[in-house]
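S.K.: Generate coordinates for the sequence data below:
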Amino acid sequence: MAEAQQQQGETQSVSGRSMVWASLVSMALTVPLLGMMGFSLLSTLILLVISSPLLLIFSPLLLSVGLLFAGVLAGFAIAAAMALAGVSTLAWTYREIKGSFRSERKVW
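M.R.: The predicted structure is shown next:
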């Protein structure tokens, strides 16, 4: 018990030199990441300003293509639901036919 308290006391004492090194390393890792983040934000905003007139000009076309795409996806979803219903109906029919043959065998 006394050893555990001693070890905790030893791990809690941190020298000023190690704190300085830890701060320098964290700044060396953080500054480039912040710079890349700022560059990414700036380039995104510039591209948005450049492309916004094109988006405004082509918005009717983009809207119609989006609606068409949504309709196609809805059609595929309905087709998948119908296929699932058909397969489950075939499986149910197979089980019914198989079950009726078994019940006839039991009677004989």
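S.K.: so where's this protein shaky on pLDDT?
M.R.: 1-11, 103-108 (pLDDT under 70).
S.K.: Which stretches in it count as strands?
M.R.: Applying DSSP state E to the chain gives no strands.
S.K.: Of all residues in it, which one is nearest the centre?
M.R.: Leu73 (19.5 Å; Cα atoms, centre = their mean).
S.K.: how close does that residue get to Gly66?
M.R.: Using Cβ to Cβ, to the nearest Å, we find Leu73 at a distance of 11 Å from Gly66. Where you see a C-beta, it was placed from the backbone N, CA and C, and this is true even at glycine.
S.K.: Also Ser59?
M.R.: Taking Cβ to Cβ, one finds Ser59 at 10 Å from Gly66.
S.K.: next one: Phe76
M.R.: 16 Å.
S.K.: Ok, Leu45 next?
M.R.: 24 Å.
S.K.: Then Ile97?
M.R.: 47 Å.
S.K.: Over to Leu54?
M.R.: Counting by Cβ to Cβ, the gap from Leu54 to Gly66 is 16 Å.
S.K.: and what of Leu33?
M.R.: 36 Å.
S.K.: list the helices and strands the helix ranked longest in the chain packs on?
M.R.: Secondary structure of the chain per DSSP state H: the longest helix is helix 59-107. Counting contacts by 3 or more Cβ pairs under 8 Å, 6 or more residues apart in numbering; DSSP states H and E, helix 59-107 packs against no other helix or strand.
S.K.: what about that helix, distance to the chain center?
M.R.: Centre-to-centre, helix 59-107 and its host chain are 27 Å apart (Cα atoms, centre = their mean, to the nearest Å).
S.K.: Same check on stretch 58-74?
M.R.: Using Cα atoms, centre = their mean, the offset of stretch 58-74 from its chain centre is 23 Å.
S.K.: likewise stretch 56-75?
M.R.: 24 Å.
S.K.: In PDB, list the C-alpha atoms belonging to it.
M.R.: The C-alpha atoms that make up stretch 56-75 are tabulated as PDB, following Å, rounded to 0.1, in the frame of the first residue of the first chain:
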ATOM      1  CA  LEU A  56     -27.100  29.300 -60.600                       C
ATOM      2  CA  ILE A  57     -27.100  28.900 -64.400                       C
ATOM      3  CA  PHE A  58     -27.400  25.100 -64.400                       C
ATOM      4  CA  SER A  59     -29.800  24.800 -61.500                       C
ATOM      5  CA  PRO A  60     -32.900  23.900 -63.600                       C
ATOM      6  CA  LEU A  61     -30.900  21.100 -65.200                       C
ATOM      7  CA  LEU A  62     -29.500  19.900 -61.900                       C
ATOM      8  CA  LEU A  63     -32.900  19.900 -60.300                       C
ATOM      9  CA  SER A  64     -34.500  17.800 -63.100                       C
ATOM     10  CA  VAL A  65     -31.600  15.400 -63.000                       C
ATOM     11  CA  GLY A  66     -31.900  15.100 -59.200                       C
ATOM     12  CA  LEU A  67     -35.600  14.400 -59.500                       C
ATOM     13  CA  LEU A  68     -35.000  11.800 -62.200                       C
ATOM     14  CA  PHE A  69     -32.400  10.100 -60.100                       C
ATOM     15  CA  ALA A  70     -34.800  10.000 -57.100                       C
ATOM     16  CA  GLY A  71     -37.500   8.500 -59.300                       C
ATOM     17  CA  VAL A  72     -35.100   5.800 -60.600                       C
ATOM     18  CA  LEU A  73     -34.000   5.000 -57.000                       C
ATOM     19  CA  ALA A  74     -37.700   4.700 -56.000                       C
ATOM     20  CA  GLY A  75     -38.300   2.400 -59.000                       C
END
